[in-house]
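K.L.:
Task: produce atomic coordinates for the following.
(one chain, ligands or ions: 2)
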Amino acid sequence: MSVPGDPAGVDLVVTGLRELVTCEPALGDGLLGVIPEAAMAAAAGRVVWVGPQSRLASAVGIPPAARQLDAHGRVGLPGFVDSHTHLVHAGSREHEYALRAPGASYQEIAAAGGGILSTVRATRAASVDELVELALPRLATLLRHGTTTVEIKSGYGLTTADELKMLEAIRRLGELQPVEVHATFCGAHEIPPEFKGRPDAYVDLVVDEMLPAVAERRLARYVDVFCEEGVFSVAQARRILEAGAQRGLRAKFHADEFVTLGGAELAAEIGALSADHLLRARPEGVARMKEAGVTAALLPGTAFFLGLPYAPARAFLETGARVALASDFNPGSSMGCNLQLVMTMAVSQMKMSPEEALLGVTLNAAHAMGLEGEVGSLRPGAWCDMLLADVPNWRHLSYVYGVNHVSRVLKRGWLVVSR
Ligand code: NIG
Ligand code: FE
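P.N.:
Ligands and ions are numbered 1, 2, ... in the order given. Have a look, this model is predicted:
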């Protein structure tokens, strides 16, 4: 089925697509809205038309100056959206990774002074320029693997100045390279050593000093808290997330990752954009999230990397909740950013269908960032963020795993990767 958009001003046409996955059921076949033998037209960086190539000429006028890209039988799909990363950080923690093999848990390593606090030490010692330099190649890797929109958190500074420094680095990254970057203030990622044993005093600092400073400088779109046993309680998380909401920051937070605390229920109560991880969430809590329209963002790379049981995705899906998938890219619990591999984990380990997995890294991930309609699908009006993959059909994206199938990436209509 083709849907005509505004054909005026078409400046880009992509033809020769063996199939185009739109992620809009109304635009094609099945849950993913797949159009066989398809073409796409865009104007000023936005999709104006998708449909069977046989209808292209009659549906849109193509000015001679329009750029034409022949996909040569590749599969087209929306750029991936990664709604949860800790991509900006200094240092690395491969020694902790090695310690886990003989049996040390993530929490034991953190309690011994490693974990997040080890990255905090390295990040505090780095300048904005250094953080940017370290992050740029990581973003280039994301882009090569098809991620065109990313969320990046602060949370390795844990002082007002160091949190602002991280957010300034995140802001600059959005200007320096093609991946669209949206920042989350995660000052409540851990209790810093200066506040050991005084978590409420640190929450005061987050609410009274950090949040106002972040909001005033417009450095973040979202607010996050690591709501976890031994870190921030549900009551502390509520206080921070509500204070963030008062300053216009939408809540998306670490909930029920290692211990069932009631993070899912809190997300529903405060109307968060997403609750993330949920390895230990109660399905009843996720049912409440569904009622409140909160997206469940699952991060199977973390369970994989830490050797933990995966989130019960099927039980969550049965509640009708919207399920997104993200990488959680960070130096401690998930040092990987390939969302094609994340899809494979979702299908083989969490028993999601290949359709649900692909929606998880596109349209549902856009929902987890409040960006649906802009990214995550190829509906007319959305940004022309489009991947061309060297696969015979879209299912091969997660079926053939551990390799990169993406050979071309368009961001807002511009070719930014060609391999
Ligand atoms: O999502 N859980 C808290 N934050 C990260 C880990 C960050 C780190 O270990 O540096 C997570 O798993
Ligand atoms: Fe995380």
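
K.L.:
Show me what from the protein comes close to ligand 1.
P.N.:
86, 115-116, 119, 226, 254, 257, 302, 328, 330-333 (Cβ under 6 Å from any ligand atom). Yep, even glycine has a C-beta here, placed from its N, CA and C like the rest.

K.L.:
redo that, cut-off 5 Å
P.N.:
116, 119, 226, 328, 330, 332-333 (Cβ under 5 Å from any ligand atom).

K.L.:
low pLDDT regions in the stretch 1-150 of the chain?
P.N.:
1-7 (pLDDT under 70).

K.L.:
Let me see the ranges of the helices in it.
P.N.:
56-59, 94-100, 106-111, 116-124, 128-144 (DSSP state H, counting those that start in this stretch).

K.L.:
okay, these, which one's buried deepest?
P.N.:
helix 116-124 (a mean of 20; mean count of other Cβ atoms under 10 Å).

K.L.:
helices or strands next to that helix in the packing?
P.N.:
helix 160-176 (3 or more Cβ pairs under 8 Å, 6 or more residues apart in numbering; DSSP states H and E).

K.L.:
And the helix it packs on, what does it pack against?
P.N.:
helix 116-124, helix 128-144, strand 180-188, helix 211-216.

K.L.:
thinking again about what came up before, tell me the one among the residues of the chain next to ligand 1 nearest to residue 311.
P.N.:
residue 328 (11.7 Å; Cβ to Cβ).

K.L.:
Phi first, then psi, for that closest one.
P.N.:
phi 60, psi 20 (degrees, to the nearest 10).

K.L.:
Run a quick neighbour tally on it.
P.N.:
Neighbourhood size, residue 328 [other Cβ atoms under 10 Å]: 29.

K.L.:
wait, isn't it in contact with residue 301?
P.N.:
Yes: with contact defined as Cβ atoms under 8 Å, residue 328 counts as touching residue 301 (5.7 Å).

K.L.:
Need the overlap of contacts for those two.
P.N.:
Counting by Cβ atoms under 8 Å, 6 or more residues apart in numbering, the contacts common to residue 328 and residue 301 are residue 334.

K.L.:
would TSV of the helices and strands packed on helix 160-176 with distance to residue 56 be doable?
P.N.:
TSV is the format used below for the helices and strands packed on helix 160-176 (distance: least, Cβ to Cβ, whole Å):
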stretch	distance to residue 56
helix 116-124	50
helix 128-144	28
strand 180-188	28
helix 211-216	46
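
K.L.:
I'd like to know which of those lies nearest to residue 11.
P.N.:
Comparing the helices and strands packed on helix 160-176 under Cβ to Cβ, the one sitting nearest is strand 180-188, at 19.8 Å.

K.L.:
in stretch 257-268, what's buried?
P.N.:
257-258, 261-268 (16 or more other Cβ atoms under 10 Å).

K.L.:
which SS class is the residue of the chain found nearest ligand 1?
P.N.:
Per Cβ to the nearest ligand atom, residue 332 is where the chain lies closest to ligand 1, at 2.3 Å. Here residue 332 is coil, with the state taken from DSSP: H, G, I helix; E, B strand; the rest coil.

K.L.:
Touching, it and residue 107? I think so.
P.N.:
No: the pair residue 332 / residue 107 is not scored as a contact, 11.1 Å apart, by Cβ under 8 Å.

K.L.:
hey, what's in contact with both of those two?
P.N.:
Common neighbours of residue 332 and residue 107 (Cβ under 8 Å, 6+ apart) are residue 115.

K.L.:
Please tell me the pLDDT value assigned to the closest residue to residue 84 other than its chain neighbours.
P.N.:
Closest residue to residue 84 apart from its sequence neighbours, by Cβ to Cβ, 6 or more residues apart in numbering: residue 326 at 3.7 Å. On pLDDT, residue 326 comes in at 99.

K.L.:
contacting residues around the closest residue to residue 35 other than its chain neighbours?
P.N.:
Excluding the flanking residues, the one nearest residue 35 by Cβ to Cβ, 6+ apart is residue 28, at 4.1 Å. Residues in contact with residue 28 (Cβ under 8 Å, 6+ apart) are 1, 20-22, 34-35.

K.L.:
do the same with residue 265
P.N.:
282, 285, 288.

K.L.:
Tell me which stretches of the stretch 151-300 of the chain form helices.
P.N.:
Using DSSP H, counting those that start in this stretch, helices in the stretch 151-300 of the chain cover 160-176, 199-205, 211-216, 234-246, 263-270, 283-292, 300-306.

K.L.:
could those be laid out in a markdown table, adding mean pLDDT?
P.N.:
Below are those laid out as a markdown table (pLDDT from 0 to 100):
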| stretch | mean pLDDT |
| --- | --- |
| helix 160-176 | 98 |
| helix 199-205 | 98 |
| helix 211-216 | 98 |
| helix 234-246 | 98 |
| helix 263-270 | 98 |
| helix 283-292 | 98 |
| helix 300-306 | 97 |
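
K.L.:
Kindly reformat those helices as CSV containing distance to residue 47.
P.N.:
Shown next, in CSV, are the helices of the stretch 151-300 of the chain (distance: least, Cβ to Cβ, whole Å):
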stretch, distance to residue 47
helix 160-176, 22
helix 199-205, 44
helix 211-216, 33
helix 234-246, 32
helix 263-270, 32
helix 283-292, 29
helix 300-306, 30
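
K.L.:
Would you mind saying which of these lies nearest residue 67?
P.N.:
Of the helices of the stretch 151-300 of the chain, nearest to residue 67 by Cβ to Cβ is helix 160-176, at 24.2 Å.

K.L.:
what's that closest one in contact with?
P.N.:
88, 123-124, 127-128, 131-132, 135-136, 139, 152, 154-157, 180-183, 185, 187, 205, 209-210, 213-214, 217, 219-220.

K.L.:
wait, doesn't residue 81 sit right on residue 370?
P.N.:
No: using Cβ under 8 Å, residue 81 makes no contact with residue 370, being 11.2 Å away.

K.L.:
For residue 92, which non-adjacent residue is closest in space?
P.N.:
residue 331 (5.3 Å).
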